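K.L.:
sequence below, structure please.
(2 chains)
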Amino acid sequence: MDSDPGLPRSRGRRPGVPPRALSVIYALVAGAVLWLTAVSGGPPGLSMTLAIAALAALGAGALVWRRDAADRAGASQRLELLFTQFPDLLVTADTAGHFLDVNPVWQRVFGFTADELKTKPFLDFVHPDDVARTLAMYADQQAGGEAVAFVNRYRCKDGSYRWLEWNATPVAVGGLIYAMARDITERRAAEEQIRGLTAQLQANVASLQAANAELEAFSYSVSHDLRAPLRHIGGFSDLLEKRAAGTLDEESRRYLAKVRTSAQRMGKLIDDLLAFSRLGRAELRATDVELDEVARSAAAEIQEEMAGRNVDLRVRPLPAVRGDPSLLRLALVNLLSNALKYTRPRPRAEIELGAEAGSGGDVVVFVRDNGVGFDMKYADKLFGVFQRLHSAEEFEGTGIGLANVQRIVHRHGGRVWGEGKPDAGATFYLSLPAAAGEAAA
Amino acid sequence: MNGLRPVLIVDDSADDVELMREALAEFKLANPLAVARDGEDALLYLRRAGPHASRPPVDPVVVLLDLKMPKVDGLEVLRAVRGDERLRHLPIVIVTSSREEQDLVRSYALGVNAYVVKPVDFQAFAEAVRNLGAFWAVLNEPPPDGGGQP
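P.N.:
Numbering: from 1, shown residues only, chains lettered A, B, ... in the order given. From the prediction side, this is the model:
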């Protein structure tokens, strides 16, 4: 049945005779023989019997013939239905370049009636840019080639074009082409959109890289070019003080001292800014980190700052998290050092470092203190670069510590926030991804 | 005093040169100071060429080399010296404002003897320069002088 094109109006006729036709012929021949035998004489009883048998055979033959015709009509109807209901575009084309049959989908997609499509050479409907390729494909088809996933554009009645993806099979008999096409205009538009988005993304990445390189050049320039004049301000005011110490009055010497300390403070600000910028650029080496160890190491680092103070530092058991141990250590040192600083007015500082389970499998680490706290209305300013809620006279510092903490936590994909009350202590929280565990290690 | 080899300061900042000079004078360093204002000048000095063709034929005891300079920068001077058969053992100390990791990595890759970041604070800066003078001009035994031989 492979060579059956399965389409109505097929011109191909099979060379063999179907078995059903044979049985009709056998029945007719048997009936005729019996009838002839019956009328040619012989015993009347036998003649009668033969005549009945002959009629039966003829009747059976006629019955089979009718059923055969009915079956053929049914199959034809099913094929007709298949052709008209098929969701893709179906078409037959002749060697002269005309469509012979088009299913109704064509009219739905292109707006042309079947007759409009059939009266002109189909190349008239092909997009001018696709004509050469289509002709080549058509010639290849007629030479017996198969078109698979061949793509071209056909014109709609409104003048727009739609993309078709073809699957065609040449049939040797009559040189006809039986083809199926799918309207892939929307798919191509989506692909085009994806290509556009990808290109845009690549352009964005390139401009980000350029911005990053610019930033690096900037911080290099800051580190070199801004430091030098500061050193000169400090250095020459120092030399001036030495040379003129005897002749300057107290007020003048105070001014000179202010020049020097301002230069020093600006130097510190520049150093802090550069360190902050490096934190953003440093490579994140994420592993499973035992926070207990990191906390121990961070607590050891602030021992010196605790000297001469009454501090109750409690480090609770901490879980493992996923992150860069050296950056996480820096974040904890910043938070502990902060807590230490802002509990200074307390006779006894109470600082607690602990963890709790967060939502979505995260770990929330907190540092709680009984220090001077802060007003929640300024909570959004806590993590800004050089943002301070206290004067430098009250508490020293440039205001980079919590900005560093935030940058580190953001680079881990986590969140930082603070809770506090004036004069009633503060708690800083950071959410971190839980350790991947041994299964993933 | 004539036998003492000079300390060569290579720095484009006149202010920094003056501050270094002050710091070394306070320390009473006996070695003469030579100054080159950029990398090109430094290489001419070391090779006794151009304006330095007539300088005494003794190599510096140490070169205090700034990184960021016009024309030829410090890293290029370092590369040229280390690639020069006669000069390649010359002690070179980078003295710079930059503490950028890339500068440190490149300097050591090119065979620098030491790397010092100029402190912003003058007291600390003076202290660092004094220490450099004490170590490189007094304590350290430099390689035998090439004596300007080609």
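K.L.:
confirm that B:Leu29 sits in a helix.
P.N.:
No. Read with DSSP: H, G, I helix; E, B strand; the rest coil, B:Leu29 is coil and lies in no helix.
K.L.:
now do the contacts for it.
P.N.:
Going by CB atoms under 8 Å, 6 or more residues apart in numbering or on different chains, B:Leu29 touches B:7, B:133-134, B:137-138. Glycine gets a C-beta too; all of them are placed from N, C-alpha and C.
K.L.:
can you select the buried ones from these in PyMOL?
P.N.:
Those of those that count as buried under 16 or more other CB atoms under 10 Å in any protein chain shown are selected in PyMOL with:
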select buried, chain B and resi 7+133+137
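K.L.:
between the contacts of B:Leu29, which is closest to chain A?
P.N.:
Distance to chain A, by CB to the nearest CB, is smallest for B:Gly133 among the contacts of B:Leu29, at 16.4 Å.
K.L.:
so where do the helices sit in chain A?
P.N.:
Here chain A has its helices, by DSSP state H, at A:19-39, A:44-85, A:105-110, A:114-119, A:131-142, A:185-221, A:227-244, A:250-281, A:291-301, A:303-306, A:325-342, A:401-411, A:437-440.
K.L.:
show me what the third one is packed up against.
P.N.:
Spelled out, it's helix A:105-110. Applying 3 or more CB pairs under 8 Å, 6 or more residues apart in numbering or on different chains; DSSP states H and E, we find helix A:105-110 packed against strand A:89-93, helix A:114-119.
K.L.:
and the first one, what does it pack against?
P.N.:
With contacts defined as 3+ CB pairs under 8 Å, 6+ apart, strand A:89-93 has these neighbours: strand A:99-102, helix A:105-110, strand A:177-183.
K.L.:
could you do the longest one as well?
P.N.:
In this structure, helix A:114-119 makes packing contacts with strand A:99-102, helix A:105-110, judged by 3+ CB pairs under 8 Å, 6+ apart.
K.L.:
re the thing from before, and the helices and strands packed on strand A:89-93 as a markdown table, adding mean neighbour count and mean pLDDT?
P.N.:
A markdown table is the format used below for these (neighbours: other CB atoms under 10 Å in any protein chain shown; pLDDT from 0 to 100):
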| stretch | mean neighbour count | mean pLDDT |
| --- | --- | --- |
| strand A:99-102 | 20 | 90 |
| helix A:105-110 | 18 | 91 |
| strand A:177-183 | 19 | 87 |
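K.L.:
state the pLDDT value of the residue in the stretch 51-200 of chain A that chain B sits nearest to.
P.N.:
Closest contact between the stretch 51-200 of chain A and chain B, by CB to the nearest CB, is at A:Gln200 (31.4 Å). Predicted confidence (pLDDT) at A:Gln200: the value is 94.
K.L.:
ok, now how distant is B:Leu67 from chain A?
P.N.:
B:Leu67 sits 8 Å away from chain A, going by CB to the nearest CB, to the nearest Å.
K.L.:
now B:Leu29
P.N.:
Counting by CB to the nearest CB - B:Leu29 and chain A are separated by 17 Å.
K.L.:
quick one, phi psi at that residue?
P.N.:
As for B:Leu29, its main-chain torsions (degrees, to the nearest 10) stand at phi -70, psi 130.
K.L.:
for B:Val62, same thing?
P.N.:
Dihedral pair for B:Val62: phi -160, psi 150, per degrees, to the nearest 10.
K.L.:
spatially, what comes nearest to it if we skip its sequence neighbours?
P.N.:
Among residues not flanking B:Val62 along the chain, B:Trp136 sits closest, at 3.7 Å (CB to CB, 6 or more residues apart in numbering or on different chains).
K.L.:
for A:Glu396, give me its contacts.
P.N.:
A:Lys341.
K.L.:
kindly report the same for A:Ala357.
P.N.:
A:363-364.
K.L.:
one more: B:Val138?
P.N.:
Residues in contact with B:Val138 (CB under 8 Å, 6+ apart) are B:Leu29.
K.L.:
do you know the pLDDT at it?
P.N.:
pLDDT at B:Val138 comes out at 88.
K.L.:
same deal with A:Arg153?
P.N.:
The model reports A:Arg153 with a pLDDT of 93.
K.L.:
A:Ala403 now?
P.N.:
Confidence at A:Ala403, expressed as pLDDT, is 91.
K.L.:
now do the contacts for the residue nearest to it when sequence neighbours are not counted.
P.N.:
Spatial nearest neighbour of A:Ala403, chain neighbours left out: A:Val385 (4.4 Å); criterion: CB to CB, 6+ apart. A:Val385 makes contact with A:273, A:276, A:399-400, A:403 under the criterion CB under 8 Å, 6+ apart.
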